[in-house]
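Asker: can you look at this prediction? I've put the sequence above it.
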Amino acid sequence: MTPLRPARAAQALSAAVLLGSLLVGCGSATSTTRSSADGAGEVTVSTCGEDVRFPSPAQRMYVAGDGNLLAMVLAVGAQDQVAGASGTTDTAQALSRVYGSEVVDGIPVATRDQPTMENVLAQRPDVMLAGWSYGYTEERRLTPELLSGRGIAPYVLSESCRQEDGARGTMPPWEALSADLEAVGAITGHVDEAAEVDADITRRREALEAAPQAAERPTVFLFDSGTKEIFTSGAFGGPQAIIEAAGAKNATADVDDTWTTVSWERLVRSSPDFIAFVDYDGQTFEQKVEVLRTNPATKDLPAVREERFLNLPIPAWTSSPLNIDAAEALRAELEEHELVPASGITPEHDLEP
């Protein structure tokens, strides 16, 4: 998310179920992010349904996640306001292709591991941008509530807002991304730039949606990683928006969560026409494909048999401005395999590793 990778996902999900209704930042499915100036140097932003006061423009931001929140900061041109970032190991190459290597290389890396409270405090931030399982966690005692108590204004990634049962996601993913861009623009003082980024995403998304569609939309399964179970994404994750915009249907669209685990039986039952992979350190693309090719239950699936695959980095799949690049890339691959009609749309950026 990251989402947490499978080794940590079970703990995070169980903790969320127990604590989700008690924590700050639990929004409703109809919540939106709105900001209004409350005086010189401050702005009030709604994050997961809770109004939080932020210094604006923020001077020293700590940015966590899988490169997705950092992508939002870079997209609005606020890179000089970052005091420290984590989660850059798997994301620097993709971010560099979109925002330039000189910009990405200039981001101060606070830690290459998951952030801790001590690591965050060492950067002396005035704001932290993160999400549940994208930096915030009860296990490491790094939560919005605890940060607020230390004078650090916490923003919670909209994709990670918690439902009452602890599952993540409270609004459609394109809406969540738009809300975050508006909030990041307000917090950084780059309101106009954020609006321009959001408008560009909308323009490109509408072009995809207006493209010729298949009589029956092909099914795409998002394979993050998997051994005993498969880590994938449901109705509230970025992949849902990406797959739909590309003219396909998400095999796990009925799962009311963002990033979560499903059984191998679920993959087999969906009989996907196409499989998309999340590229990151831990389980390589080649290893994932080998698992599918050698598993008796999956080796004869249409997508596996015909090698209908797309491998994109984490920040392209987790909620970020790169989601529209992923949608264009997926559309191009679906066209290449004649699963959808030709559209004439060319991906703006090549994000494949």
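Answerer: Arrived safely, thanks for sending. Just so we're clear, the structure is a prediction, and the values are computed from it rather than from any experiment.

Asker: excluding sequence neighbours, find me the nearest residue to Arg205.
Answerer: Ala245 (5.3 Å; Cβ to Cβ, 6 or more residues apart in numbering). Using the backbone N, CA and C atoms, a C-beta is placed for each residue, glycine as well.

Asker: hmm, that neighbour is touching Ala327, no?
Answerer: Yes. Between Ala245 and Ala327 there is a contact at 4.0 Å, judged by Cβ atoms under 8 Å.

Asker: what residues are shared contacts of these two?
Answerer: Residues touching both Ala245 and Ala327 (Cβ atoms under 8 Å, 6 or more residues apart in numbering): Arg205, Leu208.

Asker: out of these two, which sits in the busier spot?
Answerer: Ala327 (29 against 25; other Cβ atoms under 10 Å).

Asker: which stretches of the stretch 1-150 of the chain form strands?
Answerer: Remark: strands assigned in the stretch 1-150 of the chain by DSSP state E, counting those that start in this stretch are 35-37, 42-47, 50-55, 61-63, 82-86, 109-111, 127-130.

Asker: tell me which of those sits most buried.
Answerer: Mean neighbour count (mean count of other Cβ atoms under 10 Å) peaks for strand 61-63 among the strands of the stretch 1-150 of the chain, with a mean of 31.

Asker: and it, what does it pack against?
Answerer: Applying 3 or more Cβ pairs under 8 Å, 6 or more residues apart in numbering; DSSP states H and E, one finds that strand 61-63 makes contact with helix 68-75, strand 82-86, strand 127-130.

Asker: and it, what's its mean pLDDT?
Answerer: For strand 61-63, mean pLDDT is 98.

Asker: can you give the distance of it from its chain's centre?
Answerer: 17 Å (Cα atoms, centre = their mean, to the nearest Å).

Asker: ok, now stretch 52-71?
Answerer: Worked out by Cα atoms, centre = their mean, stretch 52-71 lies 15 Å from the chain centre.

Asker: picking that back up, can I get the helices and strands packed on strand 61-63 in TSV with mean pLDDT?
Answerer: TSV is the format used below for these (pLDDT from 0 to 100):
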stretch	mean pLDDT
helix 68-75	98
strand 82-86	97
strand 127-130	98
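
Asker: Arg269: which of those is closest?
Answerer: Nearest to Arg269 among those is helix 68-75; the distance by Cβ to Cβ comes to 29.7 Å.

Asker: quick check, Ile345 in contact with Ala210.
Answerer: No. At 9.8 Å, Ile345 does not count as touching Ala210 under the criterion of Cβ under 8 Å.

Asker: more neighbours, those two?
Answerer: More crowded of Ile345 and Ala210, by other Cβ under 10 Å: Ile345, with 17 against 10.

Asker: that one falls within a strand, correct?
Answerer: No. Per DSSP: H, G, I helix; E, B strand; the rest coil, Ile345 lies outside any strand segment and is coil.

Asker: could we number from 25 for the rest of this?
Answerer: Sure, I'll start numbering at 25, so the last one becomes Ile369.

Asker: distance of it from Thr282?
Answerer: 27 Å (Cβ to Cβ, to the nearest Å).

Asker: what of Lys252?
Answerer: In terms of Cβ to Cβ, Lys252 sits 21 Å off from Thr282.

Asker: can you pick out the residue with more neighbours from the two?
Answerer: Set Lys252 next to Thr282 and count neighbours by other Cβ under 10 Å: Thr282 wins out with 30 against 8.

Asker: per-residue pLDDT, that one?
Answerer: 93.

Asker: can you count the residues close to Ser125?
Answerer: Other residues close to Ser125 by other Cβ under 10 Å number 12.

Asker: actually Leu334, not the one I typed
Answerer: With other Cβ under 10 Å as criterion, Leu334 counts 23.

Asker: what does the one 5 residues further on give?
Answerer: One way to gauge burial is a neighbour count; for Pro339, by other Cβ under 10 Å, it gives 34.

Asker: isn't it right next to Asn92, touching?
Answerer: Yes. Using Cβ under 8 Å, Pro339 is in contact with Asn92, at 5.0 Å.

Asker: shared neighbours, those two?
Answerer: Contacts common to Pro339 and Asn92, judged by Cβ under 8 Å, 6+ apart, are Leu346.

Asker: then the helix or strand where Leu336 lies to PDB, C-alphas only?
Answerer: Under the criterion of DSSP states H and E, Leu336 resides in strand 333-337. Below are the C-alpha coordinates for strand 333-337, written out as PDB (Å, rounded to 0.1, in the frame of the first residue of the first chain):
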ATOM      1  CA  PHE A 333       1.400  -9.400 -18.600                       C
ATOM      2  CA  LEU A 334       2.300  -5.800 -17.600                       C
ATOM      3  CA  ASN A 335       4.800  -5.000 -14.900                       C
ATOM      4  CA  LEU A 336       4.700  -1.400 -13.400                       C
ATOM      5  CA  PRO A 337       6.400   0.000 -10.300                       C
END
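
Asker: give me the low-pLDDT residue ranges for the stretch 25-174 of the chain?
Answerer: 25-64 (pLDDT under 70).

Asker: and if you look at the stretch 225-374 of the chain?
Answerer: For the stretch 225-374 of the chain (pLDDT under 70), the answer is none.

Asker: helices of this protein, start to end?
Answerer: 30-43, 92-99, 116-123, 125-129, 141-146, 168-173, 197-212, 215-234, 262-269, 288-294, 309-318, 326-329, 338-341, 347-360 (DSSP state H).
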